[in-house]
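Peer 1: Provided below are the primary sequence and the corresponding predicted coordinates.
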Amino acid sequence: MPLVTSKEMFKKAYEGQYAVGAFNVNNMEIIQGIVDAAKEEQAPLILQVSAGARKYAKHVYLIKLVEAALEDSGLPICLHLDHGEDFDICKSCIDGGFSSVMIDGSKLPFEENIALTKKVVDYAHERNVVVEAELGRLAGVEDAVKVNAKDATYTDPDQAVEFVERTGVDSLAIAIGTSHGAYKFKGECKLDFDRLETISKLLPNFPLVLHGASTVLPEFVEKCNNFGGQIKGAQGVPEDMLLKAGKLGVCKINIDTDLRLAMTASIREHLAKNPSDFDPRQYLKPARAAIKSMVQHKIRNVLNCSGRL
Ligand SMILES: O=C(CO)COP(=O)(O)O
Ligand SMILES: O=C[C@H](O)COP(=O)(O)O
Ligand SMILES: [Zn+2]
Ligand SMILES: [Zn+2]
C-alpha cells in the first residue's frame, strides 16, 4: 500500500461529521503504537513530522519507518509535514516522499502568508501533494518557541474565505482558542465555537484543521507526577469539545502532547517499579503499548473515526 493524500479521508470525514487523527511521530515505538491502534480500529490515519522531528530522527529514517508501517499494516497512511515554516522545508518534504505538507505562514502579514502559501500550493499540486496552511495564530510552544497568549490571534472568518480562494489550499488550520503543549488553559477551557461555525458555514465542504488539540489526559499527568515528574497545572481540551469540533467542519485533529505524556508516564512508572532494569526494550515495550491504547481511545471516543476506512 503506497502513501495516500488526505483528500479522500477529509471528504469522508466531512460528510460523516468526524475527524481524522494526525499524530506526531519521532521514533519507531511511537509510529508502531499509533499504526497498530489504527489498524485494530480500521481507522484513517495521518502521521505527521515536525521540523524538530526531522532534526531529531533524520528525514530518511522517518520515511523508511513509515514505509515499513505501510508494508506491515497494509493501511492507507498520509505522511504530513507539520508546521513547515518556509518554502524550502516544504519542497524538501515534497521531493522527499511526503504526501502532504503544512506551510505555516501564520506569523506573517496576511498578504505575505497568501503569497508563501500559494507558492507551496503550486509546487505541491504539480506533484500530487496536498497542502495545509494556517491563518490566525495559536499560543503555546511550537518548535521550542513560546508564543505568548497576547501574541495569539483568532482566525478572521472573512479573511479565511479570501485566503482559501486566493491560495487554492486543500485545508486550513484555524485559531479558536486551542494552543500547543501541556498548559493550554488556566481555569476553564474556552473555545470560540461561534467563530468555528461561522468559518465552517462560509467555507462549505472545506476541511478545517484543529491544532493544539491534546486533552492532556489527567491519568498520564498524575502518573508522571506520582513517579518523580513535575508537570504541574497541565490542562488540555476536553474530549466533548473535540467531538463537537468534528461535527463543525474540523476534519483533522492534531495530537502530540498526549503521545508524549502517555509514553513518559509509562517509562517513569516502569523505571520506578523496576529500578534494576536497563534494557531499553523493557521500558519501551510498555511505552509503545501505552501509546497504542491511548490512540485507540482517541480514535473511538474523541475522533469518532473507528471503522471509517
Ligand atoms: O498541534 C499540534 C501539532 O501540530 C499538537 O498539539 P498538542 O500540543 O495539543 O498535542
Ligand atoms: O506543533 C508542535 C508539535 O507538537 C511538534 O512539536 P516539536 O516541534 O517539538 O516536534
Ligand atoms: Zn502555527
Ligand atoms: Zn500544531
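Peer 2: Now that the structure is in, tell me what you want to look at. Ligands and ions are numbered 1, 2, ... in the order given.
Peer 1: all contacts plus neighbour counts: C-alpha atoms, from now on.
Peer 2: OK.
Peer 1: wasn't Lys232 part of a strand?
Peer 2: No: looking at Lys232 with DSSP: H, G, I helix; E, B strand; the rest coil, it is coil, so not inside a strand.
Peer 1: and the pLDDT at it?
Peer 2: In this model, Lys232 is scored at 94, pLDDT.
Peer 1: do Lys273 as well
Peer 2: 98.
Peer 1: number of nearby residues for it?
Peer 2: 11 (other C-alpha atoms under 10 Å).
Peer 1: equivalent analysis for Val237, please.
Peer 2: Val237, neighbours per other C-alpha under 10 Å, totals 23.
Peer 1: run a quick neighbour tally on Leu248.
Peer 2: 22.
Peer 1: ok, it to Tyr14 distance?
Peer 2: According to C-alpha to C-alpha, to the nearest Å, Leu248 stands 9 Å off from Tyr14.
Peer 1: then Asp104?
Peer 2: For Asp104, the distance to Tyr14 - C-alpha to C-alpha - is 23 Å.
Peer 1: and Ser106, by the same measure?
Peer 2: Ser106 is 24 Å from Tyr14, by C-alpha to C-alpha.
Peer 1: for Gln296, same thing?
Peer 2: 21 Å.
Peer 1: the strands in the stretch 101-250 of the chain, which residues?
Peer 2: 130-135, 139-142, 145-147, 171-174, 179-180, 208-210, 250-255 (DSSP state E, counting those that start in this stretch).
Peer 1: helices along the stretch 101-250 of the chain, start to end?
Peer 2: 110-125, 157-167, 193-202, 218-226, 239-246 (DSSP state H, counting those that start in this stretch).
Peer 1: what sits against Ala175?
Peer 2: 135-138, 153-155, 210-211 (C-alpha atoms under 8 Å, 6 or more residues apart in numbering).
Peer 1: counting neighbours, what do you get for the nearest residue to Gln42 once chain neighbours are set aside?
Peer 2: Computed as C-alpha to C-alpha, 6 or more residues apart in numbering, the closest residue to Gln42 that is not its neighbour in sequence is Gly307, at 4.8 Å. Gly307 has 14 neighbouring residues, counting by other C-alpha under 10 Å.
Peer 1: Glu132 and Ala173 touch, don't they?
Peer 2: Yes: the criterion here is C-alpha atoms under 8 Å, and Glu132 meets it with Ala173 at 7.0 Å.
Peer 1: mind checking the longest strand of the chain?
Peer 2: Counting by DSSP state E, the longest strand found in the chain is strand 77-84.
Peer 1: give me the buried positions along that one.
Peer 2: 77-84 (16 or more other C-alpha atoms under 10 Å).
Peer 1: list the contacts for the residue lying closest to Thr178 once chain neighbours are set aside?
Peer 2: Among residues not flanking Thr178 along the chain, Gly212 sits closest, at 5.3 Å (C-alpha to C-alpha, 6+ apart). Gly212 sits next to 138, 178-181, 254-255 when contact means C-alpha under 8 Å, 6+ apart.
Peer 1: who's in contact with the residue nearest the centre of the chain?
Peer 2: In the chain, the residue lying closest to the centroid (C-alpha atoms, centre = their mean) is Asn254, at 2.4 Å. By C-alpha under 8 Å, 6+ apart, the contact list for Asn254 reads 21-24, 209-214.
Peer 1: also near ligand 2: which of those residues, exactly?
Peer 2: When C-alpha under 6 Å from any ligand atom is applied, no member of the contacts of Asn254 is adjacent to ligand 2.
Peer 1: would CSV of those residues with pLDDT be doable?
Peer 2: Shown next, in CSV, are these (pLDDT from 0 to 100):
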residue, pLDDT
Gly21, 98
Ala22, 99
Phe23, 99
Asn24, 98
Val209, 98
Leu210, 98
His211, 98
Gly212, 97
Ala213, 97
Ser214, 98
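Peer 1: would you turn these into a markdown table with distance to Cys90?
Peer 2: Below are these laid out as a markdown table (distance: C-alpha to C-alpha, whole Å):
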| residue | distance to Cys90 |
| --- | --- |
| Gly21 | 21 |
| Ala22 | 18 |
| Phe23 | 18 |
| Asn24 | 17 |
| Val209 | 18 |
| Leu210 | 20 |
| His211 | 18 |
| Gly212 | 21 |
| Ala213 | 23 |
| Ser214 | 25 |
